[in-house]
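1. Compute the structure for the input listed below.
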Amino acid sequence: MRYRLTLCWQGTAYCGWQVQPGVATVCGTVQDAVEAVLRERGSLTGCSRTDSGVHALGFVAALRCGCRMEPAALQRALNANLPRDIAVIGCEEAPEEFHPRYDAAAKRYRYRMYQSAVRDPFREGLALQLPRPVNTAAMNEAAGMLLGTHNFSAFCAAGGKIPPEERVRTLTECRVTQTGDEIHLTVTGDGFLYHMVRILAGTLLEIGQGRRPAAAMREILAGGDRSRAGRTAPACGLYLERVFYEKKEAGL
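-> I've put the predicted structure just below:
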């Protein structure tokens, strides 16, 4: 049997999705729950890798196993065996050919920040604190310059394995919004490079802090040089919000 699972998790305690020896990962923890329920670990494939400390609101995975169980019952059983910081929020039967990564048309990420001179213990590890005010209008202006199809080499970390000439991606959404003290960067695109959203967030923050003009974003993008972009923002503020399997849903 093959199941499509939709997961959400708080990633603070995990070294990302992918199984790694000797450390806690989301995939390994979910497989532990699968084994407890089905008496087999099955094969679990995710829609993407996520970095240590990154969170998810709608991560999609495919579970392949040798036995059949009603999806609703499997969801309840898995949740009963998962720690409180991981939950299965959707479970359905999937065709054998379904692949959560290769079939995905687009993904949406959100980078969460809050503006406060005082650290909020209830958002510790879940959002990036900005102790001084930032210019969100300038950040949003710069974010809009990234819409469309571009080579995003300037926003790819050095460890990225994709050759520079293959780093072309299309963003259909890139905006900065503020509600109260919460500031969010929301990015939707057909694909993302290694640390791309976190580097975008770090660059936009420098613009919001007045260290660069908004217009600098065009030059950084066109130059394709990682050293000219901003720092990589911490993982704590990043959420995989949604995976799209229909292009029209993502505006493509």
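2. list the contacts for the residue nearest to Gln178 when sequence neighbours are not counted?
-> The shortest distance from Gln178 to any non-neighbouring residue, by C-beta to C-beta, 6 or more residues apart in numbering, is to Thr136 (4.8 Å). Yep, even glycine has a C-beta here, placed from its N, CA and C like the rest. Residues near Thr136 by C-beta atoms under 8 Å, 6 or more residues apart in numbering: Val176, Thr177, Gln178, Ile183, Gly208.
3. So what's the residue count around the second one?
-> For Thr177, the number of neighbouring residues by other C-beta atoms under 10 Å comes to 13.
4. now do Cys8
-> Cys8, neighbours per other C-beta under 10 Å, totals 18.
5. and the helix or strand harbouring it, what does it pack onto?
-> Cys8 is located in strand 2-9, with elements delineated by DSSP states H and E. Applying 3 or more C-beta pairs under 8 Å, 6 or more residues apart in numbering; DSSP states H and E, one finds that strand 2-9 makes contact with helix 26-38, strand 55-64, helix 71-81, strand 86-93.
6. In JSON lines: these, plus mean pLDDT, mean neighbour count and distance to Gly144.
-> Below are those laid out as JSON lines (pLDDT from 0 to 100; neighbours: other C-beta atoms under 10 Å; distance: least, C-beta to C-beta, whole Å):
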{"stretch": "helix 26-38", "mean pLDDT": "97", "mean neighbour count": "19", "distance to Gly144": "33"}
{"stretch": "strand 55-64", "mean pLDDT": "98", "mean neighbour count": "22", "distance to Gly144": "24"}
{"stretch": "helix 71-81", "mean pLDDT": "98", "mean neighbour count": "16", "distance to Gly144": "39"}
{"stretch": "strand 86-93", "mean pLDDT": "98", "mean neighbour count": "17", "distance to Gly144": "32"}
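7. Let's have the ones you listed in JSON lines, adding distance to Arg198.
-> JSON lines is the format used below for these (distance: least, C-beta to C-beta, whole Å):
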{"stretch": "helix 26-38", "distance to Arg198": "18"}
{"stretch": "strand 55-64", "distance to Arg198": "13"}
{"stretch": "helix 71-81", "distance to Arg198": "30"}
{"stretch": "strand 86-93", "distance to Arg198": "22"}
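8. so Ala142, which of the three states?
-> Following DSSP: H, G, I helix; E, B strand; the rest coil, Ala142 is assigned to helix.
9. So it versus Glu219, what's the distance?
-> As judged by C-beta to C-beta, to the nearest Å, Ala142 and Glu219 stand 11 Å apart.
10. out of these two, which sits in the more crowded spot?
-> Neighbour tally, Ala142 and Glu219, criterion other C-beta under 10 Å: the higher count belongs to Ala142, 26 against 14.
11. which ones are touching the more buried one?
-> Shown in contact with Ala142 (C-beta under 8 Å, 6+ apart): Thr203, Leu204, Ile207, Ala214, Ala215, Ala216, Met217.
12. who's in contact with the third one?
-> When you say that, I think you mean Ile207. Asn135, Ala138, Met139, Ala142, Pro213, Ala214, Ala216, Met217 are the contacts of Ile207 under C-beta under 8 Å, 6+ apart.
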